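# sequence first, predicted model second:
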Amino acid sequence: MVTRKIIEIDEDKCTGCGQCVVNCPEGALEIVGGKARVVNEHFCDGLGACIGECPENALQIVEREAPEFDEGAVLEHQLQRKAQNIKTEAYPSPACSCPSAKPLVWDEETQQGELPTNPSVTSEIRQWPLKLRLVPPFAPFFQDMKRLVVVSDCASLAYPAMHVEFLRGASIVQVCPKFEDPEEIAGKLASILQYATKLEEILVIEMEVPCCGHLLQVVRDAIAQSGNKKKICLQEAIISFKGNLLRTRSYEPETGGTAKI
């Protein structure tokens with residue numbers, strides 16, 4: 001047993017809709033007795049990919065004693081599920097068995113109506129660098145910003161109208177929730193937000209894949225760590241594999257607590 005982050009489910013709030021089960025690539029969650037339950041704590045990596053899809057806010061990440069995450073056991077579990085035809089795939093899964101790495105292809109023509117109507121539209125980027133790992137927390141484009149866009153690497157390329165609809169007038173940081181440590185992302189964002197006294201809004205843009213699903217929670221963690229007392233409105237946009245805007249959501253304004261940078 002180790003002390004680590006793991007999913008906790010509020011059974012009173014859970015309606016058994018199964019959205020979290022679909023978005024748990026490790027197979028740690030199942031619907032049992034009409035409620036979502038963690039069927040094997042070894043399978044839960046504690047990243048929270050399932051949280052963003054819960055319409056009842058019944059899931060949260062807690063830190064407590066639990067068995068260590070066992071990637072080997074997860075892979076064996078996934079292979080067993082395949083053998084039972086619980087899950088079918090057109091292509092072999094990669095070693096990580098993550099749905100975000102599953103190869104897909106489609107032959108449909110580009111939907112021109114989804115592109116900006118002006119073919120000569122210009123870039124809305126007004127800063128450099130863009131990657132969160134590279135930006136200095138005290139960069140001049142953060143000092144007076146009113147709007148910050150936190151965008152996943154894939155979403156920034158997938159959505160054709162990204163610049164026109166989302167980036168205009170905003171400061172930008174680009175991250176990969178799959179390959180970057182969530183705590184490092186939250187810590188770096190918190191160091192930026194700590195002195196962002198004019199910030200009014202953060203927009204989180206993600207792909208429709210499980211590894212992107214915990215990015216919103218990472219941003220919430222950053223706000224909480226920052227100590228920024230200003231009310232910050234939080235918005236979320238989800239982009240599909242095909243580059244369509246699936247949905248947007250707005251959340252109640254949030255403020256930071258005691259800075260722990």
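Thanks, I have it. All figures in this text were calculated on a predicted structure; none of them were measured in a lab.

# can you list the domains in this protein?
2-99, 121-254 (automatic domain parsing).

# give me the low-pLDDT residue ranges for the protein?
For the chain, the stretches with pLDDT under 70 are 81-120, 258-261.

# can you give me the strands in it?
Assignment of strands within the chain using DSSP state E yields the ranges 2-9, 29-32, 35-38, 59-66, 147-152, 171-175, 201-207, 232-239, 245-254.

# could I get those strands as CSV with mean neighbour count and distance to L215?
Just so you know, the C-beta spots here come from the backbone N, C-alpha and C atoms, and that holds for glycine as well. Shown next, in CSV, are the strands of the chain (neighbours: other C-beta atoms under 10 Å; distance: least, C-beta to C-beta, whole Å):
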stretch, mean neighbour count, distance to L215
strand 2-9, 16, 15
strand 29-32, 16, 19
strand 35-38, 19, 21
strand 59-66, 14, 13
strand 147-152, 23, 6
strand 171-175, 24, 7
strand 201-207, 24, 5
strand 232-239, 20, 9
strand 245-254, 13, 13
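
# E165: which of those is closest?
Judged by C-beta to C-beta, the one of those that comes nearest to E165 is strand 245-254, at 7.9 Å.

# I'd assumed T122 was in contact with V164.
No - assessed by C-beta atoms under 8 Å, V164 is found out of contact with T122, at 9.7 Å.

# more neighbours: which of those two?
V164 (15 against 8; other C-beta atoms under 10 Å).

# now do the helices in the stretch 51-200 of the chain.
Per DSSP state H, counting those that start in this stretch, the stretch 51-200 of the chain carries helices over the ranges 71-83, 140-143, 153-158, 162, 182-193.

# hang on, the earlier thing: dump the strands of the chain to JSON lines, plus distance to D45.
Listed next are the strands of the chain as JSON lines, based on distance: least, C-beta to C-beta, whole Å:
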{"stretch": "strand 2-9", "distance to D45": "9"}
{"stretch": "strand 29-32", "distance to D45": "12"}
{"stretch": "strand 35-38", "distance to D45": "12"}
{"stretch": "strand 59-66", "distance to D45": "11"}
{"stretch": "strand 147-152", "distance to D45": "18"}
{"stretch": "strand 171-175", "distance to D45": "18"}
{"stretch": "strand 201-207", "distance to D45": "18"}
{"stretch": "strand 232-239", "distance to D45": "21"}
{"stretch": "strand 245-254", "distance to D45": "24"}
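
# wait, P253 touches N228, no?
No - judged on C-beta under 8 Å, P253 makes no contact with N228 at a distance of 11.4 Å.
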